[in-house]
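Undergrad: Take a look and give me a structure for this.
(chains A and B)
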Amino acid sequence: MDEVILEMKGIIKEFSGVKALNNVSFKVKKGEIHALCGENGAGKSTLMKVLSGVYPNGTYQGEIVFNRQNLIIRNISDAEQVGIAIIHQELALFKELPVYENIFIGNELHSKGFVNIPAMLAKTQALLKEMKLDVSPYTLIKHLGTGQQQLVEIAKVLSKNAKMLILDEPTASLSEGEVEILMNILAGLKAKGVTCIYISHKLDEVFHLADNVTVIRDGQSIGTVGIKNLTKDDIVRMMVGREIVDLYPKEVHVTEQEILSVKNYTVYDPNELNKEIVHNVSFSLKRGEVLGFAGLVGAGRTELVAAVYGFHAGKCSGEVYLSGEKIEINHPNDALQQGIAMVPEDRKRHGIIESMSVMQNMTLANIENYRLQLDSIDNCKELTDANYYMGKLKIKAPGLDALIKNLSGGNQQKVVLAKFLLRKLKVLILDEPTRGIDVGAKYEIYNLINQLASEGIGIIMVSSDLPEILGMADRIIVMNEGRINGEFINQNLDQEQIMHCAVGGATK
Amino acid sequence: MITQIEGKKVAVAGDKKSLFKSLFNFDVKTYTMILALVSIWLIFSLATNGDFLTSRNLSNLFRQMSITGILSIGMVFIIITGHIDLSAGSLMGLLGGIVAILNVWFKFDGVVAIGMTLIAGLAIGLFNGWLVAYKKIPAFIVTLGGLLVFRGILVGVTKGTTVASLGPEIKFLGNAYLIDGIGIALGIVAVGVIVYNTLNGRKLRTQYGLSTVPMPVEVVKIVFATVLIGLVVIVLNSYQGFPVPVLILAILAVIFSYILTRTVFGRRVYAIGGNGEAAKLCGINVPKMTLTLFAMHGLLVAIAGILLTSRLNAASVAAGQNAEMDAIAACVIGGASLAGGVGSVGGAIVGALVMSSLDNGMSMLNIETFWQYIVKGAILVIAVWFDIATKNKK
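TA: Here you go, the predicted model:
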């Protein structure tokens, strides 16, 4: 049992100058289930992508030793060849193809140049039995539930005779019963001598399954400890225990006057008609308040705020009151007319229009207010406003007419902010306002949040960055699996309390 | 920090730009178009011993291009929003048929028949737009269906016959020439607008510290434009005068270029094509805009259809066949991207001129029809290939 099957030494992986992994070393013993824990963005998934060949050899530094051999992985099939297989967070199945074709895709069994369907069917049947998955090999993937799909994904990996299985958040979308099946399968695999690396936020599962735990924080490995010598609190402390430098210039401007109130909001999945992502959530916001929404990725925070703004693609129900009056928001334009704006989470997809200039992006949400006779745009006013915000937010760009795609992430984000600041706002929703931007730009955005709060604007800040939420929010709502799991006034709070609540623990 | 350094670099590069460089610092796309047009004209002039460049032929060429040009104006709006219209040719044929039937069979007054046809174009455009915007059927499918349906209706209604001999009002639109003075006056107005726009734009840009091209370059550009406009007016006048369809094209081009570049509406068109989701997040009602655009396009197709019937003095079953391909090709040659977000009315019209020049020149040389198809198809693919190749180099 004590033989080391995998050792990763000194792994460094950079993304355009930012170190996602900084000298990570990681050892896994043969036949164990090894849990990998860390906050969102700590570098867990990046490390596993290095191991499984998603990031090929040469795009990172460091070495990988597998089965006592120095491993050079150029692509995913190299990794599969030696027996390393990964199941990603987002499933990679073909929805319109049947189960058996999905399992053998890219590795089709064949004889005499033809695909050997009977052999594939037989093997699929055996695998499904092993998985205790009661479906026909002919079933189309789209007709399976998410949990069953996950199991098919595992079957697919097993068909390749993997020696090492990497599971990235496998239970994020599973129901209780399915989790149990998965646990049993993993225990069975362990008995067969398959090594597992298990990434999860759910500490209960980690304690249930794992032999050893490695914690990664800010791209560095904090340590590997045997599960028997640990408590949950120890892991949480290891996950969040960074020193907080005073990055957050918090000012308090919260008033007693309620400005926004959301009642009984339920949000449905845009793809599955009756699947609820957010269950019956109510909250309120005061003038000048910064309300933080904490939680893990997938807790339903983004869907909730997008639905309030009228931007969610799926169905939603519930009531929104602005300054005590009930308002109907069916489209972002309704929200904007009422003085509610949202800076989206995915800047590239929802925030900017790459083919347009800095100025055109900045004025787009306010363009109706530059209208002169014959629908023409008041160039003078547009330029004045754009120029003003370029200076005020210290946007660094070659010029107002430079294409926005040539700006850095931080400056793009400032343009997106300016876009809504041009309007008279009452409520500003910020979804991950500082994701992927540098410290300097972050600081400026925090200052801007202070200033807006001082003007009496209510701010909702969704963030997965715990120090940021603790640093900037007046009040924190923690969501878990589509529900509000706790609400805290931000006084003498620490990250562990929030984390505990976010992973589903009861409020202390 | 990184951006700051980038910003400085750009500023430095801007300062060093020589006069000569900024004179030729258009888009690569502008070069492609002009180069293509000049080389095509050159080849035809040599092949026809100069007959291609006679004022008579050029006047005809402009008249021919006006129909493709008008279709391209509508098409470029559709393409900028990331959609496509494959039914434009069939619809143009159908609407041309409607105006002829109303005028010839039902003896409606020419003006009334034209009015009714315009309304029909608008209505069909609205219907197409409704299917695309609110029923979420891809425009490719809706208009592919329309391509067959509209042609089918035309054949059915006319029973395959040609509807001929239209009233004088309708004939006037496609065939008449205006007296010399009007052409000259239009030319002067055009130059005046260009000068005013240039100076005004410069003033604004300087005021807000935006980069401006040196004044002499601006002057050279104005002189160049003036010479070009002057040449067109002289050429047209030295034949029979300013053709009415060319005038209609010019007026529509100015109006729709204004809409696309200067108005709130136009800004939203680009936004939708660039990133529909982001546009929605900015409060833009994307379906309503799409509906409006298709309706507008239907109206333009109606105008083109009326001109086509008028020029031929008849509506035939095959009228407007493959015209949508010419229009789409014109937009693409003129720099529009089928992915959406990019394109211009001016480009589309130059593109239409390229396509019409090919038609005109090859007909003059009595080149067989099959060669005409092959050449036009090849030019389209080469134009896009060139565009992609130059883009990748950046």
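Undergrad: So what's the residue count around residue 339?
TA: Chain wasn't specified; assuming chain A. 18 (other CB atoms under 10 Å in any protein chain shown). The way it works is simple: take the backbone N, C-alpha and C, and place the C-beta from them, glycine included.
Undergrad: was after chain B, sorry
TA: Under the criterion other CB under 10 Å, the count of neighbours that residue B:339 has is 11.
Undergrad: Could you report the neighbour count for residue 168?
TA: Just going to use chain A. Other residues near residue A:168 come to 20 when the count uses other CB under 10 Å.
Undergrad: hmm, I had chain B in mind actually
TA: For residue B:168, using other CB under 10 Å, the count is 8.
Undergrad: ok, it to residue B:109 distance?
TA: 11 Å (CB to CB, to the nearest Å).
Undergrad: what does residue A:47 give?
TA: In terms of CB to CB, residue A:47 sits 79 Å off from residue B:109.
Undergrad: the more surrounded of those two?
TA: Higher neighbour count among residue A:47 and residue B:109: residue A:47, with 28 against 13, using other CB under 10 Å.
Undergrad: Tell me how far the more buried one lies from chain B.
TA: Between residue A:47 and chain B the distance is 26 Å, computed by CB to the nearest CB, to the nearest Å.
Undergrad: Next up, the contacts around that residue.
TA: Going by CB atoms under 8 Å, 6 or more residues apart in numbering or on different chains, residue A:47 touches A:8, A:11, A:13, A:21, A:24, A:26, A:36, A:216.
Undergrad: let's go with 7 Å and repeat that
TA: Taking CB atoms under 7 Å, 6 or more residues apart in numbering or on different chains, we find residue A:47 in contact with A:11, A:21, A:24, A:26, A:216.
Undergrad: Equivalent analysis for residue A:170, please.
TA: Taking CB under 7 Å, 6+ apart, we find residue A:170 in contact with A:87, A:150, A:182.
Undergrad: Mind putting those into CSV with pLDDT?
TA: Output for the contacts of residue A:170, formatted as CSV (pLDDT from 0 to 100):
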residue, pLDDT
A:87, 83
A:150, 80
A:182, 82
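Undergrad: Taking the stretch 201-350 of chain A, what residue is nearest to chain B?
TA: Distances between the stretch 201-350 of chain A and chain B by CB to the nearest CB are smallest at residue A:333, namely 3.7 Å.
Undergrad: Which residues does the host helix or strand of that residue contact?
TA: Using DSSP states H and E, residue A:333 sits in helix A:332-338. Applying CB under 7 Å, 6+ apart, the contact partners of helix A:332-338 are A:309-311, A:322, A:327-329, A:365, A:423, B:280-281, B:283, B:285.
Undergrad: Any buried residues in it, and which?
TA: Across helix A:332-338, burial judged by 16 or more other CB atoms under 10 Å in any protein chain shown covers A:332, A:333, A:335, A:336, A:338.
Undergrad: can you check stretch A:139-157 too?
TA: A:139, A:141, A:144, A:147-157.
Undergrad: What of stretch A:60-72?
TA: Using 16+ other CB under 10 Å as the test for burial, stretch A:60-72 gives A:60, A:62, A:64, A:66, A:71.
Undergrad: Then stretch A:440-459?
TA: A:441-442, A:444-446, A:448-450, A:452-453, A:456-459.
Undergrad: Near chain B, list only the ones from the residues you listed.
TA: Filtering the buried residues of stretch A:440-459 for proximity to chain B by CB under 7 Å from any CB of the partner chain leaves nothing.
Undergrad: between these, which is closest to residue A:205?
TA: Comparing those against residue A:205 with CB to CB picks out residue A:442 as the nearest, at 33.0 Å.
Undergrad: Just to check, the closest one is in contact with residue A:434?
TA: Yes: counting by CB atoms under 7 Å, residue A:442 touches residue A:434, with 4.5 Å between them.
Undergrad: which element is the residue lying closest to residue A:220 once chain neighbours are set aside on?
TA: Closest residue to residue A:220 apart from its sequence neighbours, by CB to CB, 6 or more residues apart in numbering or on different chains: residue A:22 at 5.3 Å. Element membership for residue A:22 (DSSP H and E) is strand A:18-29.
Undergrad: partner strands of that strand, parallel or antiparallel?
TA: strand A:4-15 (antiparallel) (DSSP bridges).
Undergrad: that older thread, could you pull up the residues touching the residue nearest to residue A:220?
TA: Here residue A:22 is in contact with A:12, A:219, A:220 (CB under 7 Å, 6+ apart).
Undergrad: same thing but at 8 Å, please
TA: Residues in contact with residue A:22 (CB under 8 Å, 6+ apart) are A:12, A:218, A:219, A:220.
Undergrad: Residue A:419 too?
TA: A:361, A:362, A:363, A:364, A:365, A:366, B:282.
Undergrad: at 10 Å instead, please
TA: Going by CB atoms under 10 Å, 6 or more residues apart in numbering or on different chains, residue A:419 touches A:341, A:343, A:351-352, A:361-366, A:389, B:278, B:281-282.
Undergrad: what about residue A:283, how many neighbours?
TA: Counted with other CB under 10 Å, residue A:283 comes out at 19.
Undergrad: quick check, it in a strand?
TA: Yes: counting by DSSP: H, G, I helix; E, B strand; the rest coil, residue A:283 is part of a strand.
Undergrad: So it is in contact with residue A:476, correct?
TA: No: using CB atoms under 10 Å, residue A:283 is not in contact with residue A:476; the gap is 11.1 Å.
Undergrad: Max pairwise distance over the buried residues of stretch A:60-72: which two?
TA: Between all members of the buried residues of stretch A:60-72, the farthest pair (by CB to CB) comes out as A:60 and A:66, at 15.5 Å.
Undergrad: ok, now which ones touch the closest residue to residue A:71 other than its chain neighbours?
TA: With sequence-adjacent residues excluded and distances taken as CB to CB, 6+ apart, residue A:71 is closest to residue A:64, at 4.5 Å. Counting by CB under 10 Å, 6+ apart, residue A:64 makes contact with A:6-9, A:11, A:26, A:50-51, A:57, A:70-73, A:79, A:84.
Undergrad: Would you mind checking which of those is nearest to residue B:366?
TA: residue A:57 (63.2 Å).
Undergrad: so the closest one touches residue A:50, yeah?
TA: Yes: in this structure, residue A:57 is within contact of residue A:50 by CB under 10 Å, at 9.0 Å.
Undergrad: what sits in contact with each of those two?
TA: A:64, A:73.
Undergrad: now the helix or strand that contains residue B:389, how far from the chain's geometric center?
TA: Using DSSP H and E, residue B:389 sits in helix B:369-393. Put simply, helix B:369-393 sits 18 Å off its chain's centre (CA atoms, centre = their mean, to the nearest Å).
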